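[1] Below is the sequence, then the predicted model.
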Amino acid sequence: MDITWEDGKKSTYTGEQLRWACPCAECRGEAGAPGRLDRVKELAAAELQIKDVQLIGQYALQIAFESGHATGLYTFSLLRHLND
Amino acid sequence: MTAPSSQQVLDVLATITDPDLGRDVVSLGMIKELEVDAQGKVSFTFELTTPACPVRDRFKTQAQDLVSDLPGVTGVDVRMTANVRPAFMRPKPSDILPGVKQTIAVASGKGGVGKSTVAVNLAAALRKSGAEVGLLDADIYGPSVPAMTGSRAMPEQVNGRIRPIEAHGLKLMSFGNLVPGDQPTIYRGPMVGKAIEAMMVQVDWGVLDYLVIDLPPGTGDASLTLAQAVPLTGVAIVCTPQDVATDIAIKALQMFRRLNVTPLGLIENMSWYVCPSCGHRHEIFSHGGAEAAAKRLGVPFLGAIPLEQEIRQDADSGTPVVISRPESAGAQAFTHIASQVAARTSIQSFRQLPVINVH
């Protein structure tokens, strides 16, 4: 996935990088409990393949993976910092 | 004397700068259908980005004077029109508000500051300027728009889609039209979100220049759903002048900033009161609090509205004051604010947004 930002900067992301950065509660954990990405060491190929990207308002992208996982809302500031 | 060339006419018109967009009106593509005949008669269309343009008259006079001063010009005919440009190109076709060019949310931190009155009059003022306008009442628990616009009818359904109610030239939809009379809406948070989404997806809004959205007070479910479901052009925040109200209005503004929704600015309601018997001006809730807060936050101050009995009376009787008493101080304040809001939304149409490619 490529993003060309408002200031002209370009960022490129792989599905694998985005999957491991998923900010959702299931992956990250909540209320002190560890999330799925804290527990697993490897993810299957279908987990790393981007299927669809939806714009959420004006602040985030919802990225759906081939495995069906789609609960992560990646804010633009998260995406920007990911590759800085 | 020979008539000037089209290029000469464009060159003088290019000295007019749009104060909000910060560029000249020729490179912004506002000059259209330019014709210069052999006798030196010049005619063109001046296409504004909003019919509520605050500098409409100044632009017309400037254009007329500049072109008349060119050697060889015998007459100038300027046709003023407007074409509202969509704020954001959607990445793909969406079933949410496909024909709506600009979405303007009206929000507040606290309740009771006159947010619905502002939303109704803002919509009515934009409509009076000539724009196609809708008004969505997203206040599920306390819908006020039906009463303020005198439209308590049940909406019709056509082919499984809901037709908005038409009143005062506006297209309206409110939960108050769906839940009759004094029946309360008793919803938990997630249902509020669903209800607001339904009012956007299931209602046939058609083609609109502006959809004004009257939000409930606070920074909860309704605001969040809206900021997620549609790319909002921006949000106008209403507050009263006293500290206790501006402090909370700032929280609302910061919430929208976090969600990347552009603050169009702050509006001060109930700013002053002129006593009808003595003519003295009273500042019951203090004065200038919103302007000071806007300055502190670096957002535009959109204007102040007086506390007038007529605004309240007309809201209660179902006709917005900008329609019933256009000459009153209150109506003029709303009209001024509407043109400021329109100018701020136009700026959004010219923003260079991030481009996302997936491959």
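    Sure, I can see it.
[2] got the residues of chain A near chain B?
    By CB under 8 Å from any CB of the partner chain, the residues of chain A that approach chain B are A:1-6, A:50, A:52-53, A:55-61, A:76. (Each C-beta comes from the backbone N, C-alpha and C, glycine too.)
[3] which of these are buried?
    Among the residues of chain A next to chain B, those buried by neighbour count (16 or more other CB atoms under 10 Å in any protein chain shown) are A:1, A:3, A:50, A:53, A:55-61, A:76.
[4] which non-adjacent residue is nearest residue 26?
    No chain specified, so I'll use chain A. Excluding the flanking residues, the one nearest A:E26 by CB to CB, 6 or more residues apart in numbering or on different chains is A:R36, at 5.7 Å.
[5] should've been chain B
    B:A14 (4.1 Å).
[6] What residues does the one you found make contact with?
    Residues in contact with B:A14 (CB atoms under 8 Å, 6 or more residues apart in numbering or on different chains) are B:24-27.
[7] could I get the buried ones among the residues of chain A next to chain B as a markdown table with secondary structure, distance to B:K251 and pLDDT?
    Formatted as a markdown table, these follow (DSSP: H, G, I helix; E, B strand; the rest coil; distance: CB to CB, whole Å; pLDDT from 0 to 100):
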| residue | secondary structure | distance to B:K251 | pLDDT |
| --- | --- | --- | --- |
| A:M1 | coil | 34 | 90 |
| A:I3 | strand | 30 | 91 |
| A:I50 | strand | 36 | 93 |
| A:V53 | strand | 31 | 90 |
| A:L55 | strand | 26 | 86 |
| A:I56 | strand | 22 | 88 |
| A:G57 | coil | 19 | 85 |
| A:Q58 | coil | 20 | 84 |
| A:Y59 | coil | 17 | 89 |
| A:A60 | strand | 21 | 91 |
| A:L61 | strand | 26 | 92 |
| A:F76 | helix | 22 | 91 |
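[8] which one of these sits closest to B:P300?
    Nearest to B:P300, judged by CB to CB, of those is A:Q58 at 18.6 Å.
[9] okay but the closest one is in contact with B:A229, surely?
    No. A:Q58 is beyond contact range of B:A229, at 11.1 Å (criterion: CB atoms under 8 Å).
[10] Which positions in chain B make contact with chain A?
    Contact residues, chain B versus chain A (CB under 8 Å from any CB): B:88, B:90-91, B:226-232, B:258-261, B:351-359.
[11] Show me the shaky parts of the stretch 1-150 of chain B.
    The model of the stretch 1-150 of chain B has pLDDT under 70 over residues B:89-93.
[12] Just the helices from it, written as ranges.
    B:6-13, B:56-68, B:115-128, B:145-149 (DSSP state H, counting those that start in this stretch).
[13] Now tabulate those in JSON lines and tack on mean neighbour count.
    Below are the helices of the stretch 1-150 of chain B laid out as JSON lines (neighbours: other CB atoms under 10 Å in any protein chain shown):
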{"stretch": "helix B:6-13", "mean neighbour count": "17"}
{"stretch": "helix B:56-68", "mean neighbour count": "16"}
{"stretch": "helix B:115-128", "mean neighbour count": "28"}
{"stretch": "helix B:145-149", "mean neighbour count": "24"}
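[14] okay if I get the ones you listed as TSV plus distance to B:T45?
    Compiled in TSV, the helices of the stretch 1-150 of chain B are given as follows (distance: least, CB to CB, whole Å):
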stretch	distance to B:T45
helix B:6-13	12
helix B:56-68	11
helix B:115-128	21
helix B:145-149	34
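[15] Which among those is found nearest to A:T71?
    Closest among the helices of the stretch 1-150 of chain B, using CB to CB: helix B:115-128, at 32.9 Å.
[16] wait, isn't B:I267 in contact with B:I237?
    Yes. The pair B:I267 / B:I237 is scored as a contact, 7.0 Å apart, by CB under 8 Å.
[17] now, which of the residues of chain B next to chain A lie within strands?
    Counting by DSSP state E, these place B:355-357 in strands.
[18] okay, how far is it across stretch B:196-211, tip to tip?
    14 Å (CA to CA, to the nearest Å).
[19] now what about it, what contacts it?
    For stretch B:196-211, contacts defined as CB under 8 Å, 6+ apart pick out B:50-51, B:84, B:95-97, B:99-104, B:123, B:126, B:131-136, B:138, B:140, B:155, B:158, B:161-164, B:171, B:173, B:175, B:222, B:225-226, B:229-230, B:342, B:345.
[20] Which ChimeraX command selects the buried ones in those residues?
    Here is the ChimeraX command that selects the buried residues among those (16+ other CB under 10 Å):
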select /B:50,51,84,97,100,101,102,103,104,123,126,131,132,133,134,135,136,138,140,155,162,163,164,171,173,175,222,225,226,229,230,342,345
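[21] if we can go back for a sec, looking at the buried ones among the residues of chain A next to chain B, spot the one nearest chain B.
    Nearest to chain B among these is A:Y59, at 3.6 Å by CB to the nearest CB.
[22] give the contact list for that closest one.
    Counted by CB under 8 Å, 6+ apart, A:Y59 has contacts A:75-76, B:227, B:258-261.
[23] Then B:V145?
    Taking CB under 8 Å, 6+ apart, we find B:V145 in contact with B:116, B:119-120, B:135, B:137, B:139, B:151, B:172, B:174, B:176, B:214.
[24] picking that back up, which one (most neighbours) among the ones in strands among the residues of chain B next to chain A?
    B:I356 (16 neighbours; other CB atoms under 10 Å in any protein chain shown).
[25] so what's that one up against?
    Shown in contact with B:I356 (CB under 8 Å, 6+ apart): A:1-3, A:53, A:55, A:61, B:91.
[26] out of those, what pair is the most spread apart?
    Greatest spacing in the contacts of B:I356, by CB to CB: A:D2 and A:L55 (15.1 Å).
[27] Next, work out how far apart the residue nearest to B:P180 when sequence neighbours are not counted and chain A are.
    Sequence neighbours aside, B:M154 is the residue nearest to B:P180 in space, at 7.5 Å (criterion: CB to CB, 6+ apart). According to CB to the nearest CB, to the nearest Å, B:M154 stands 31 Å off from chain A.
[28] Next up, phi/psi of A:L78, please.
    phi -60, psi -50 (degrees, to the nearest 10).
[29] Test for you: state the pLDDT assigned to B:T225.
    Reported pLDDT at B:T225 in the predicted model: 88.
[30] in a helix, that's where B:L172 is, yeah?
    No. Read with DSSP: H, G, I helix; E, B strand; the rest coil, B:L172 is strand and lies in no helix.
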